[in-house]
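Trainee: predicted model, plus sequence, below.
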Amino acid sequence: MITRTVLAFFIVTIISECFCFVAKPCNPNECRLPDCRCSGTDIPGNIPAKETPQFVMITFDDAVTFLNNEYYQQAFPNRENPDGCPVAATFYISHEYTDYSLVHKLHRQGHEIALHSITHFSSTEYWKKISLSGLTDEFVGQKVLTSHFAKIPYDDLQGIRMPFLQLSNDDKSFEMLNKGGITYDSSWPSQKSPGLWPYTLDSTSTQDCVIGPCPTNSWNGTWVQPMLSWKDPRDVYCSMVDMCLGLPQDVDGLVGFMIENFNRNYLTNKAPFGFFVHSAWFMVGENHFAAFVKFIDYLQGLPDVYLVGVSDVLKWVKNPVSISKMKSSSWSNCRKPTAPDCVAKSCRLKKNGQERYMTHCENKCPATYPWLGNPLGENVAKSIM
């Protein structure tokens, strides 16, 4: 368990003086896998495209609730990748309204749980101008909170996505990752074609800066999973599926739109393909969810496609193997689905005088609603308001 004393040590360590260095151009002779990779469109390990697995990353942002969990339980169970490992998505969870017993269940089913902040504060300026200590409260705090209340191993929480994809001034979000022991960021859209593969920030990034400010310093060992943009029927880029406009209304038309975007990766350098979405998209179009499931069915009919969490993509990039070796390599040592070990407990709490219900896996209710500076809810929580 992460105690308040340990968390305080994390925060003091993270906000200590930064000895930052401006990144230099990448030298591939010095930047080598598994710990370093130059940004680029080349396939890791120089594996030919026809021998390279096509990774598909399905990600969902925001709270996990009873309502959206129904979609997840319909779409994913009993599906396997070609190596026998479970099909997995990545859930970037924010704190408010999240049911941590459901987060626990998703993790036990083989999905990746990642971080999307405690507050998900609704101002992009907040995230752009936030301090290092503020980011630490938001993300390291959410890591502590999620590990504790969802009964997930602390080190399994490896990645973040910034709310509204808004990176912070002066590299602060990447500094927080680097100092806070968080492996990767997946907040940075890219419109490059062919798409970029994941890379580290040891050296200068060649990624296009769609939503600034973008990092300029060197952050050794910190990974970026670029959010490769889709194109909607108007030929306009969209960073997330639910940001695309002018979509077909029928199931087959929607699936065709999805396949067209998928093929931009699949028929070129097989850069990891992202289906980045909010679950609310399934609720605003009567055929959106049906098309999503049919698209997964289509992907599972392709022998070289693997639907995995973002952290598993990075695992492969660090030690790339060809498709023919996927079953015999360490890659196949995946986390199999296991039965939940959580007795859900619902607690009636107060946040700034307003009532909040919080469902989690701990035996006892926290003393107060977990929040910034107090992720375990052990005393009166601070407010950012």
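Mentor: Perfect, I can see it now.

Trainee: any low-confidence regions in the stretch 51-200 of the chain?
Mentor: Judged against pLDDT under 70, the stretch 51-200 of the chain has no low-scoring part.

Trainee: how close does residue 162 get to residue 358?
Mentor: 24 Å (Cβ to Cβ, to the nearest Å). C-beta coordinates here come from the backbone N, C-alpha and C atoms, glycine included.

Trainee: ugh, wrong one, I meant residue 287
Mentor: For residue 287, the distance to residue 358 - Cβ to Cβ - is 34 Å.

Trainee: swap in residue 372?
Mentor: Taking Cβ to Cβ, one finds residue 372 at 15 Å from residue 358.

Trainee: repeat for residue 188
Mentor: 31 Å.

Trainee: for the stretch 201-350 of the chain, just list every one of the strands.
Mentor: With DSSP state E, counting those that start in this stretch applied, the stretch 201-350 of the chain shows strands at 219-224, 227-228, 230-231, 237-238, 273-277, 305-307, 345-351, listed in chain order.

Trainee: for residue 50, which of those is the nearest?
Mentor: In terms of Cβ to Cβ, the element of the strands of the stretch 201-350 of the chain nearest to residue 50 is strand 305-307, at 13.4 Å.

Trainee: how about the strands of the stretch 201-350 of the chain in TSV, adding mean neighbour count?
Mentor: Listed next are the strands of the stretch 201-350 of the chain as TSV, based on neighbours: other Cβ atoms under 10 Å:
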stretch	mean neighbour count
strand 219-224	20
strand 227-228	25
strand 230-231	20
strand 237-238	17
strand 273-277	23
strand 305-307	23
strand 345-351	14
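
Trainee: let's have those in a markdown table, adding distance to residue 148 and mean pLDDT.
Mentor: Shown next, in a markdown table, are these (distance: least, Cβ to Cβ, whole Å; pLDDT from 0 to 100):
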| stretch | distance to residue 148 | mean pLDDT |
| --- | --- | --- |
| strand 219-224 | 25 | 98 |
| strand 227-228 | 29 | 99 |
| strand 230-231 | 36 | 98 |
| strand 237-238 | 36 | 98 |
| strand 273-277 | 27 | 99 |
| strand 305-307 | 29 | 98 |
| strand 345-351 | 13 | 95 |
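
Trainee: wait, which of those is closest to residue 97?
Mentor: Once these are compared by Cβ to Cβ, strand 345-351 is nearest, at 11.2 Å.

Trainee: ok, that closest one: who's next to it in the sheet?
Mentor: Strand 345-351 sits in its sheet next to strand 354-360 (antiparallel), going by DSSP bridges.

Trainee: what does the strand it pairs with contact?
Mentor: The contact list for strand 354-360 (Cβ atoms under 8 Å, 6 or more residues apart in numbering) reads 96, 99-102, 149-150, 344-350, 365-366, 369-370.

Trainee: and for stretch 29-46?
Mentor: With contact meaning Cβ under 8 Å, 6+ apart, stretch 29-46 is reached by 26-28, 49, 52, 192, 194-200, 202-207, 220-221, 224, 269-271, 316-321.

Trainee: can I have that stretch written out in CSV, keeping just the CAs?
Mentor: What follows is stretch 29-46, C-alpha atoms only, in CSV (Å, rounded to 0.1, in the frame of the first residue of the first chain):
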residue,chain,number,x,y,z
ASN,A,29,23.9,4.4,-33.0
GLU,A,30,23.6,5.7,-29.4
CYS,A,31,19.8,5.5,-28.9
ARG,A,32,19.1,1.8,-28.9
LEU,A,33,16.3,-0.5,-27.8
PRO,A,34,15.0,-1.5,-25.3
ASP,A,35,15.5,1.7,-23.4
CYS,A,36,15.8,4.3,-26.2
ARG,A,37,14.3,4.8,-29.6
CYS,A,38,14.5,7.7,-32.0
SER,A,39,11.2,9.1,-33.3
GLY,A,40,10.4,7.9,-36.7
THR,A,41,8.2,5.9,-39.1
ASP,A,42,10.6,2.9,-39.3
ILE,A,43,9.5,-0.4,-37.9
PRO,A,44,11.3,-1.4,-34.7
GLY,A,45,13.9,-4.1,-35.3
ASN,A,46,13.9,-3.4,-39.0
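
Trainee: just the buried positions in that stretch, please.
Mentor: If you call a residue buried by 16 or more other Cβ atoms under 10 Å, then stretch 29-46 has these buried ones: 31, 36, 37, 38, 39, 40, 42, 43, 44.

Trainee: distance check, the second one against residue 248.
Mentor: It refers to residue 36. Going from residue 36 to residue 248 by Cβ to Cβ gives 43 Å.

Trainee: now swap in the last one and tell me
Mentor: Using Cβ to Cβ, one gets 35 Å for the distance from residue 44 to residue 248.

Trainee: same question for the fourth one.
Mentor: Taking Cβ to Cβ as the criterion, residue 38 is separated from residue 248 by 39 Å.

Trainee: dump the residue contacts of residue 247.
Mentor: 232, 233, 253, 254, 257, 285.

Trainee: for PyMOL, what selects the buried ones among the residues you listed?
Mentor: Listed next is the PyMOL selection for buried residues among the contacts of residue 247, using 16+ other Cβ under 10 Å:
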select buried, resi 232+254+257
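
Trainee: list the buried residues in stretch 244-258.
Mentor: For stretch 244-258, by 16+ other Cβ under 10 Å, it's 244, 247, 251, 254, 255, 257, 258.

Trainee: which two in those residues are spaced the farthest apart?
Mentor: Once Cβ to Cβ is applied, the buried residues of stretch 244-258 give 244 and 251 as the farthest pair, at 16.1 Å.

Trainee: next one: residue 7, what pLDDT does it get?
Mentor: You'll see residue 7 listed with a pLDDT of 57.

Trainee: whoops, I mixed them up, residue 381
Mentor: Reported pLDDT for residue 381: 38.

Trainee: same question, residue 360
Mentor: 99.

Trainee: counting neighbours, what do you get for it?
Mentor: Residue 360 has 27 neighbours, counted by other Cβ atoms under 10 Å.

Trainee: residue 273 is in contact with residue 59, isn't it?
Mentor: No - applying Cβ atoms under 8 Å, one finds residue 273 not in contact with residue 59, separated by 11.3 Å.
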